[in-house]
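Q: Got a predicted structure here, sequence first:
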Amino acid sequence: MIDVERIRGIALFEGLSDEELSQCAGLFSETEMLAGTTLSREGEFSYHFYVVLDGDVEVQRNFEHVARLGPGDFFGETGLVGGERRNARVSARSRCHLATMMTWDFATMNREFPVVAERIAAVVAERLAAAPDDD
């Protein structure tokens, strides 16, 4: 469990009551990563969801820069929602702290907090639309 204050103020969780925010925080653990650490590899199975608490990460697809994510941004959702392999490589650009959760906790969060699930679904749709077609 992470301290609820670590996720308070993050747009993904806006509108949750204090009790809901506390329940949601209970699903996460906090992980510290050093600059250069690979957090997920393109093509691997997806088991984790991440929210950047501080620091920043780089997203690459086919070894090309796709995005830079910072505090409040999240990743790992596309593979979990679609049950697909990871579609990008994500690496820590700086020392960072991440809120992380496993697949089953992600499913619980989506079931228990529909507003969060809707926000994640919107980002998944946006990211999939922006991804190159591999056919």
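A: Received it, and whenever you're ready, just let me know what you need.
Q: okay, CA-based contacts and neighbour counts for the rest of this
A: Fine.
Q: just the helices in this protein please.
A: 18-25, 77-82, 103-112, 114-130 (DSSP state H).
Q: Enumerate every residue touching F28.
A: By C-alpha atoms under 8 Å, 6 or more residues apart in numbering, F28 lies in contact with 1-2, 99-101, 105.
Q: 7 Å instead?
A: Counting by C-alpha atoms under 7 Å, 6 or more residues apart in numbering, F28 touches 1-2, 99-101.
Q: so where's the chain uncertain?
A: Along the chain, segments meeting pLDDT under 70 span 133-135.
Q: Out of the helices of the chain, which gets nearest to D54?
A: Nearest to D54 among those is helix 18-25; the distance by C-alpha to C-alpha comes to 16.0 Å.
Q: what's the closest one in contact with?
A: For helix 18-25, with C-alpha under 7 Å, 6+ apart as the criterion, the contacting residues are 1-4, 109.
Q: again, only this time at 6 Å
A: Contact with helix 18-25 is made by 2, 4, as judged by C-alpha atoms under 6 Å, 6 or more residues apart in numbering.
Q: Report the contact partners of the closest residue to E32 other than its chain neighbours.
A: Distances taken as C-alpha to C-alpha, 6 or more residues apart in numbering place H97 nearest to E32, at 4.4 Å, with adjacent residues excluded. H97 makes contact with 31-32, 53-54, according to C-alpha under 6 Å, 6+ apart.
Q: Apply the buried test to the residues you listed and list what passes.
A: 53-54 (16 or more other C-alpha atoms under 10 Å).
Q: just to revisit the earlier point, turn the helices of the chain into TSV, including distance to E44.
A: Putting these into TSV (distance: least, C-alpha to C-alpha, whole Å) gives the following:
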stretch	distance to E44
helix 18-25	26
helix 77-82	9
helix 103-112	14
helix 114-130	17
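Q: Pick the most deeply packed of those.
A: By mean neighbour count, with neighbours taken as mean count of other C-alpha atoms under 10 Å, helix 77-82 ranks first of the helices of the chain at a mean of 19.
Q: doesn't R89 make contact with L39?
A: No. Using C-alpha atoms under 6 Å, L39 is not in contact with R89, being 7.5 Å away.
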